[in-house]
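Engineer: Model the structure of this input:
(2 chains)
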Number of protein chains: 2
Amino acid sequence: MSRHLKVGLVQQPAWPDKAASLAESEAGVRELAAAGAELVMLQELHATHYFCQYEDTALFDLAEPLDGPTGTRLAALAAELDIVLVGSLFERRAPGLYHNTAVVYDRGRGQVGYYRKMHIPDDPGFYEKFYFAPGDVDDSRRQGFEPIDTSVGRLGLLVCWDQWYPEAARLMALAGAELLLYPTAIGWSPPDDDAEKARQKEAWTLIQRSHGVANGLPVIVANRVGHEPDRSGVSQGIDFWGGSFICGPQGELLAHAGKEAERLLVTLDMSRGEDVRRIWPYLRDRRIDAYGDLTRRYRD
Amino acid sequence: MSRHLKVGLVQQPAWPDKAASLAESEAGVRELAAAGAELVMLQELHATHYFCQYEDTALFDLAEPLDGPTGTRLAALAAELDIVLVGSLFERRAPGLYHNTAVVYDRGRGQVGYYRKMHIPDDPGFYEKFYFAPGDVDDSRRQGFEPIDTSVGRLGLLVCWDQWYPEAARLMALAGAELLLYPTAIGWSPPDDDAEKARQKEAWTLIQRSHGVANGLPVIVANRVGHEPDRSGVSQGIDFWGGSFICGPQGELLAHAGKEAERLLVTLDMSRGEDVRRIWPYLRDRRIDAYGDLTRRYRD
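Structural biologist: Below is the predicted model of the structure:
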């Protein structure tokens, strides 16, 4: 792994029209690659609108196999630009079995790994348990919280709701991840007041920065922007808040987007993480003899 | 537990002279109790200077049993003021066996529980592995990451270095803790540049706020202030950075101290945590089937 790594992300609106959404993504990827990015990440489900605002079986038509048109296009783009590209697919694994899957394409090598979202949310406006089976655990270690090896390093790739779980970031770090990556789709419910909105966005920012701190790793987060209506008419839709960022291994913000479409590019010093772990060596002192109850739902 | 709880903390300098240090602590506790605090927390090792800057067997003379003069005095203070008081002792458990122990005194009931620091740091200027045996794990659940029941609620009491470990906060939350508390002693090494100092303090603040976010719990953190020399003459000592704070269950700062002596007082809405957990129900979705490797040192 090079000591310095140029990483970029695309923060964008997206629409039911896959062609329009993917054109927007591709334009961003091309711009970042032209500026020297070796690794580019797209936001969660960037090829479509955030369709989980209501439950409709017809929407499963949006899903594709990993080697479907979207995956094929992203692989070709990574090959053409000679970069590592992280995309996000609504994956059709089998009839009636779908996942929320982040996929990694490595230059001319094509797809080198994927991560099926392990923690699946479900709350009003985010009905993901209807659409997505959670990722599997697999004793072979090709599933679950497993990082993905690429030409730019070992990627600890997680997705959205995973961002609230320190367990997920830790398992990636313990498996040697050199970066944590979170494609995500989160926004405000318009009826919430400004103070609540501010608390939510700040909580979301700081929990992900905290995974950098706890593990001495840089973190890359890409979120979508724009208002998306609830096509069922039940709610006032979602205002996706953007706020994508890249932070270093002490959680320090290196680039931070606003709430409009934006592309971020940062040169990471990949040797900094070990320096940080030497001054604050958390991995040395974990009380693994006392952590057994972390595998319990509740200690009652 | 009352729906609203007035909590306070004392941020102070401390000195080798126990009488002077405890007088400063007591003045703060009295002021906060007079202002209505039902729960008051003191910083880590508040009865003395931070003696771990170098290793000297003579310094074990500072240690006391839990029912020694300092513990007895704190218990009496809690009884007199009719509050729950969280203190921090250099505990002499047996000849040659010492702990860094936070102790809870509950109104007239005396000592109702203690927590022996589980994660023990050791880096230049913070030679705690010399002074403190780590807290035990105990199948009876009277040791380790166990909250302490009091008249104001179930306290998830941890100490300093524990603050960097999301595992510790999670285990307290899973055991029903209603508040997370961190007496701490952390500061800058004077030779570090301002940017590094800023990163360190910000990392420390956000990791503890993140435990509030991840677990939907308020967090109380008390740190010391003032410059303390390295009496061995090896280093330039430590500038304790203060920055004590109280935050709510979304990590939102409710009170935040500067770098001088200060006392914080906040009224917490203790019903807010369940509201937050209802909108973002992390505990529901933990992948306990996939967390087994959290008990490994490293996944290699």
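Engineer: which SSE is residue A:8 in?
Structural biologist: In the assignment (DSSP states H and E), residue A:8 maps to strand A:4-11.
Engineer: what's that strand packed up against?
Structural biologist: helix A:18-34, strand A:39-41, strand A:219-222, strand A:262-269 (3 or more CB pairs under 8 Å, 6 or more residues apart in numbering or on different chains; DSSP states H and E). Placement of C-beta: from N, CA and C, glycine included.
Engineer: I'd like to know which of these is closest to chain B.
Structural biologist: Chain B lies closest, by CB to the nearest CB, to one member of the helices and strands packed on strand A:4-11: strand A:219-222, at 11.9 Å.
Engineer: And the contacts of the closest one?
Structural biologist: For strand A:219-222, contacts defined as CB atoms under 8 Å, 6 or more residues apart in numbering or on different chains pick out A:7, A:9-11, A:41-44, A:163, A:179-184, A:208-209, A:211-212, A:244-247, A:251.
Engineer: ok, it: who's next to it in the sheet?
Structural biologist: strand A:179-183 (parallel), strand A:245-247 (antiparallel) (DSSP bridges).
Engineer: And the helix or strand following it, how far out from the chain middle?
Structural biologist: Using DSSP H and E, the helix or strand that directly follows strand A:219-222 along the chain is strand A:225-228. Chain-centre distance of strand A:225-228: 18 Å, with CA atoms, centre = their mean, to the nearest Å.
Engineer: The stretch 101-250 of chain A: strands as residue ranges?
Structural biologist: A:111-116, A:148-150, A:153-157, A:179-183, A:187-188, A:219-222, A:225-228, A:238-241, A:245-247 (DSSP state E, counting those that start in this stretch).
Engineer: Note down every partner strand of the strand holding residue A:8 and its orientation.
Structural biologist: Here strand A:4-11 is paired, per DSSP bridges, with strand A:39-41 (parallel), strand A:262-269 (antiparallel).
Engineer: List, one by one, the residues from the stretch 51-200 of chain A near chain B.
Structural biologist: By CB under 8 Å from any CB of the partner chain, the residues of the stretch 51-200 of chain A that approach chain B are A:118-121, A:123, A:134, A:137, A:144-145, A:161, A:164-168, A:170-171, A:174-176, A:199-200.
Engineer: Narrow those to those in helices?
Structural biologist: A:166, A:167, A:168, A:170, A:171, A:174, A:199, A:200 (DSSP state H).
Engineer: Skipping adjacent residues, who's closest to the second one in space?
Structural biologist: In other words, residue A:167. Distances taken as CB to CB, 6 or more residues apart in numbering or on different chains place residue B:291 nearest to residue A:167, at 5.3 Å, with adjacent residues excluded.
Engineer: Need phi/psi at that neighbour.
Structural biologist: phi -100, psi 0 (degrees, to the nearest 10).
Engineer: so the strand holding residue A:8 versus helix A:18-34, what angle?
Structural biologist: Using axes from the mean of the first three to the mean of the last three CA atoms, to 10 degrees, one finds that strand A:4-11 and helix A:18-34 are set 160 degrees apart in direction.
Engineer: Check which residues of strand A:4-11 are buried.
Structural biologist: For strand A:4-11, the buried set under the neighbour-count rule, 16 or more other CB atoms under 10 Å in any protein chain shown, comprises A:5, A:6, A:7, A:8, A:9, A:10, A:11.
Engineer: for stretch A:144-152, what is the average pLDDT?
Structural biologist: Mean per-residue pLDDT for stretch A:144-152: 97.
Engineer: hey, which of the strands paired with strand A:4-11 is tucked in deepest?
Structural biologist: The highest mean neighbour count among these, using mean count of other CB atoms under 10 Å in any protein chain shown, belongs to strand A:39-41: a mean of 28.
Engineer: From the chain's centroid, how far away is it?
Structural biologist: 11 Å.
Engineer: if we can go back for a sec, are any of the residues of the stretch 51-200 of chain A next to chain B buried, and which?
Structural biologist: Using 16+ other CB under 10 Å, the buried members of those are A:118-121, A:134, A:137, A:144-145, A:161, A:164-168, A:170-171, A:174-175, A:199-200.
Engineer: Which strand or helix spans residue A:276?
Structural biologist: Judged by DSSP H and E, residue A:276 forms part of helix A:272-279.
Engineer: now chain A, which segments are flagged as low pLDDT?
Structural biologist: A:1-2, A:141 (pLDDT under 70).
Engineer: and with 50 instead?
Structural biologist: A:1-2 (pLDDT under 50).
Engineer: Quick check: closest non-adjacent residue to the residue in the stretch 51-200 of chain A that chain B sits nearest to.
Structural biologist: In the stretch 51-200 of chain A, the residue found nearest to chain B is residue A:166; the distance is 3.3 Å by CB to the nearest CB. The shortest distance from residue A:166 to any non-neighbouring residue, by CB to CB, 6+ apart, is to residue B:166 (3.3 Å).
Engineer: Return the residues in contact with the closest residue to residue A:138 other than its chain neighbours.
Structural biologist: Nearest non-adjacent residue to residue A:138, counting by CB to CB, 6+ apart: residue A:144, 6.0 Å away. Applying CB under 8 Å, 6+ apart, one finds that residue A:144 lies in contact with A:118, A:135, A:136, A:137, A:138, B:290.
Engineer: Max pairwise distance over those residues: which two?
Structural biologist: A:118 and A:138 (11.6 Å; CB to CB).
Engineer: ok so, going back, export the ones in helices among the residues of the stretch 51-200 of chain A next to chain B to CSV and tack on distance to residue B:270?
Structural biologist: What follows is those, written out as CSV (distance: CB to CB, whole Å):
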residue, distance to residue B:270
A:166, 23
A:167, 26
A:168, 29
A:170, 29
A:171, 32
A:174, 35
A:199, 17
A:200, 20
